[in-house]
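*Asks:* Build me a structure from this.
(one chain, ligands or ions: 2)
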Amino acid sequence: MINDQAASLRDLTKFKNRADKMLRPVRRLAVTSGKGGVGKSNFSLNLGICLQQLDQRTLLIDADTNLANIDILMGIHPKFTLTDVILGDKFVKDVLIKGHEGVQILPAGSGVTEMVGLDHIIQERIDQGMIELETEFDFIILDTGAGIAEGVVDCAAGADEVVVVTTPEPTAITDAYAAIKVISARNPAIKFYLLVNMVKNADEASGVFKKIQLVVENYLSLQIDSLGFLPRDNYLIKSVAQQQPFVLLYPRCPAAMNLNMIARRLLKLPAPQQTGGSLFRKLFS
Ligand SMILES: Nc1ncnc2c1ncn2[C@@H]1O[C@H](COP(=O)(O)OP(=O)(O)O)[C@@H](O)[C@H]1O
Ligand SMILES: [Mg+2]
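*Replies:* Ligands and ions are numbered 1, 2, ... in the order given. This is a model prediction of the structure:
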């Protein structure tokens, strides 16, 4: 009898959690850039940890097809990747790794974005796995590769929000604009944010943001919002060498302080409309 009551209480709680979840769907955020080496992976991993510390269940997908980086930044060696789902007998859930603070990592494995969309049955399996995963998280952060190659753009365009990372370098700025142009052409409903990394100070960051905002508004008729900036910080470089996330290793360093603010800002921003895109699916194949 008591067991019955406990069971029905558990069912009720489960139901309530599910109902809450339906009211507050997962936020699917891609992190991308035009130019490589601008700080996407460091930003993605450390943002994931900050969000998790703010009680947001976070899934971090390492979807850089060329340089699988998150594992190196964390000092871990994934046994399986999404490639084992595509080519082997694993399910998406089997491939997850529990990272710092409970953030979950899904290593995509090399070449995964080129392979998806090729086989209908595999695509179904990945889609089903992703749909199930989406119900269990508050945030999905997709760390993509750089550039405007098809796989990268498809991957980023499947999200609902995209953070474009740039540095103040002119080449990075030009390439960031190119990435925004291509991603918005693929998914016009996606919400854009800019993160300026490796800056000297807030003024430099705001100059870069204004430059990009001007061309994006004038030439693409799009809105882009600033998500903030990360200063150039030697502690971040040290943390990479030690294969530990900087927000945990040096929580008071300037980059960590800013990233914490960015995570809080992101939580306050209204979640955008779900664009109906699916991660790991070619949008218009
Ligand atoms: N805020 C920063 N301050 C100093 N160095 C940085 C910063 N962000 C990134 N870096 C440097 O850039 C390198 C590349 O960063 P990473 O996150 O791997 O870039 P991406 O994922 O865009 O290729 C890091 O290993 C680090 O040396
Ligand atoms: Mg990277």
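*Asks:* those strands in the stretch 101-250 of the chain, which residues are they?
*Replies:* Counting by DSSP state E, counting those that start in this stretch, the stretch 101-250 of the chain has strands at residues 104-107, 139-146, 161-166, 191-199, 224-231.
*Asks:* Out of the ones you listed, which is closest to residue 126?
*Replies:* strand 104-107 (10.9 Å; CB to CB). The way it works is simple: take the backbone N, C-alpha and C, and place the C-beta from them, glycine included.
*Asks:* list the helices and strands that closest one packs on?
*Replies:* Other helices and strands packing on strand 104-107, by 3 or more CB pairs under 8 Å, 6 or more residues apart in numbering; DSSP states H and E, are strand 58-63, helix 70-74, strand 97-98.
*Asks:* Show me which residues of the stretch 101-250 of the chain are close to ligand 1?
*Replies:* 197-198, 230, 232-233, 236-237, 240 (CB under 6 Å from any ligand atom).
*Asks:* Spatially nearest residue to the closest residue to ligand 2 within the chain (excluding sequence neighbours)?
*Replies:* Residue nearest to ligand 2 within the chain: residue 41 (3.3 Å; CB to the ion). Sequence neighbours aside, residue 69 is the residue nearest to residue 41 in space, at 4.0 Å (criterion: CB to CB, 6 or more residues apart in numbering).
*Asks:* contacting residues around the one you found?
*Replies:* Residue 69 makes contacts with 41, 62, 143, as judged by CB atoms under 8 Å, 6 or more residues apart in numbering.
*Asks:* Export those residues as a markdown table, with columns for neighbour count and distance to residue 131.
*Replies:* Shown next, in a markdown table, are the contacts of residue 69 (neighbours: other CB atoms under 10 Å; distance: CB to CB, whole Å):
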| residue | neighbour count | distance to residue 131 |
| --- | --- | --- |
| 41 | 24 | 26 |
| 62 | 30 | 20 |
| 143 | 27 | 21 |
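*Asks:* could you pull out the helices for the stretch 151-285 of the chain?
*Replies:* Ranges of helices in the stretch 151-285 of the chain, per DSSP state H, counting those that start in this stretch, are 170-186, 202-220, 234-241, 246-249, 254-268.
*Asks:* which of the ones you listed sits most buried?
*Replies:* helix 246-249 (a mean of 20; mean count of other CB atoms under 10 Å).
*Asks:* Model confidence score at residue 8, please.
*Replies:* Residue 8 carries a pLDDT value of 67.
*Asks:* Would you confirm that residue 164 contacts residue 182?
*Replies:* No: using CB atoms under 8 Å, residue 164 is not in contact with residue 182, being 11.1 Å away.
*Asks:* what bits of the stretch 1-150 of the chain have low per-residue confidence?
*Replies:* 1-24, 65-68, 110-118 (pLDDT under 70).
*Asks:* Quick check: residues of it near ligand 2?
*Replies:* For the stretch 1-150 of the chain, the residues in contact with ligand 2 (CB under 5 Å from the ion) are 40-41, 64, 69.
*Asks:* cutoff 8 Å now
*Replies:* Within the stretch 1-150 of the chain, the positions near ligand 2 by CB under 8 Å from the ion are 36-37, 40-42, 44, 64, 67, 69-70, 143, 145-146.
*Asks:* Now, of the residues you listed, which are buried?
*Replies:* Neighbour counting with 16 or more other CB atoms under 10 Å marks 40-42, 44, 64, 69-70, 143, 145-146 as buried within these.
*Asks:* CSV please, covering those residues and showing distance to residue 107.
*Replies:* As requested, these are exported to CSV (distance: CB to CB, whole Å):
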residue, distance to residue 107
40, 15
41, 12
42, 16
44, 13
64, 10
69, 10
70, 7
143, 10
145, 14
146, 18
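*Asks:* Return the member of those nearest to residue 152.
*Replies:* Taking those together and measuring to residue 152 by CB to CB, the closest member is residue 145, at 4.7 Å.
*Asks:* Now do the closest one against residue 93, distance only.
*Replies:* As judged by CB to CB, to the nearest Å, residue 145 and residue 93 stand 24 Å apart.
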